[in-house]
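1. The following comprises the amino acid sequence and a computationally predicted model.
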Amino acid sequence: MSMSRKRFLATSFTAMAASLGYPRIVRGGSDNEMGGSEKKKGEAGLQLYSVGADMNNDTPGTLQKLAEMGWRKVEHAGYWKRKFYGYSAAEFKKLLAGLGISMVSGHVFIGPDHWDDSRGEFTDEWKYTVEDAVNAGQLYLVTPSIADGWRKDYDTLLRYLEVFNHFGDYCRKSGLTFGYHNHNMEFETSFNGILLYDIILQKTDPALVAQQMDIGNMYGAGGHPLEFLMKYPGRFRLLHVRDEIKVASGQGERGKAYESTALGKGVMPVGEIVNAAFRKGGTMEFIVEQESFQGKPTIEAARENLGFMKQLGFL
């Protein structure tokens, strides 16, 4: 029997409220223990940064391996000079389609090169970025940070978050959804006593700027995904699904005391977070990302992570 909604909420959210310290939970076992699935939740995607070296060495061969193991959605982190891993938008879309893969999303840093401050207009580079994302078949175009100069003080930040809303409106007119992806600085920076991530969520228009919560980056900086999912229900259209392990201080990713690991092998209650995002967060795309591998081949980590997501109901 699948876990009822009432039982799920009681289990997950009581645990969240009790500590928000993420004690280690039982891994594996039945679907109920993993968070279960009352219905099929769709297909998980893979952030191709997780196999970045493989993609750079052999793009078609790597995508073939991913397709053979069962990945059907990907998110890119390899757009440069109007090319996706060296392919034009049309070429890359054709390559993916031939393998039964769609590219639902992609990361491109949005900054001063894309916005002409003096004229208050988008630059040609931004327009080309949007055009190429559409031609590649993307549904989402996500920026993974805010330029340093755009967050130097509270008033400047508000000004450029309004520019983010303009970005979102421009994307929407082209059939895309613009999104923002957090790293760690959003949980280490405050203005006027308000956490940067709260400001981003409060000052961007939900209809124009989707949020992609990276649960691992957040956790490594002291943030708690379940807390934000409850505080801002329906705001997280995309989720970066990660697990984390503790390492020596300063030796982890981005100089923190944590680094990513295979799903279900770390300290985070990934099943609870994913199910909360599915039920409360408004999440439609669950994208797996792993950056550190503890000696395991990246392609094998991708296989293991897909198996974990299938146990959560992503088939």
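-> Received, thanks.
2. Distance of Cys42 relative to Val104?
-> Actually, residue 42 is Gly rather than Cys. In this view, Gly42 and Val104 are 10 Å apart by CB to CB, to the nearest Å. (Glycine included, C-beta is placed from N, CA and C.)
3. same thing with His114?
-> Distance of His114 to Val104, computed by CB to CB: 22 Å.
4. coming back round to it: more neighbours: Gly42 and Val104, which one.
-> Val104 (20 against 16; other CB atoms under 10 Å).
5. Endpoint to endpoint, stretch 115-126 covers what distance?
-> End-to-end distance of stretch 115-126 (CA to CA, to the nearest Å): 8 Å.
6. any idea of the mean pLDDT in it?
-> Stretch 115-126 carries an average pLDDT of 95.
7. can you check stretch 51-71 too?
-> 98.
8. For that stretch, list the C-alpha coordinates in CSV.
-> Output of stretch 51-71 as CSV, limited to C-alpha atoms (Å, rounded to 0.1, in the frame of the first residue of the first chain):
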residue,chain,number,x,y,z
VAL,A,51,29.3,14.0,-16.8
GLY,A,52,31.1,17.1,-18.0
ALA,A,53,34.5,15.6,-18.9
ASP,A,54,32.8,12.7,-20.7
MET,A,55,30.7,15.2,-22.7
ASN,A,56,33.8,17.2,-23.6
ASN,A,57,35.7,14.1,-24.7
ASP,A,58,32.9,12.3,-26.6
THR,A,59,29.6,14.1,-26.7
PRO,A,60,27.7,11.6,-28.9
GLY,A,61,29.1,8.5,-27.1
THR,A,62,28.3,9.9,-23.7
LEU,A,63,24.8,10.7,-24.7
GLN,A,64,24.4,7.3,-26.1
LYS,A,65,25.4,5.7,-22.8
LEU,A,66,23.0,7.9,-20.9
ALA,A,67,20.2,7.0,-23.3
GLU,A,68,21.0,3.3,-23.0
MET,A,69,20.8,3.4,-19.2
GLY,A,70,17.4,5.1,-19.3
TRP,A,71,17.9,8.9,-19.1
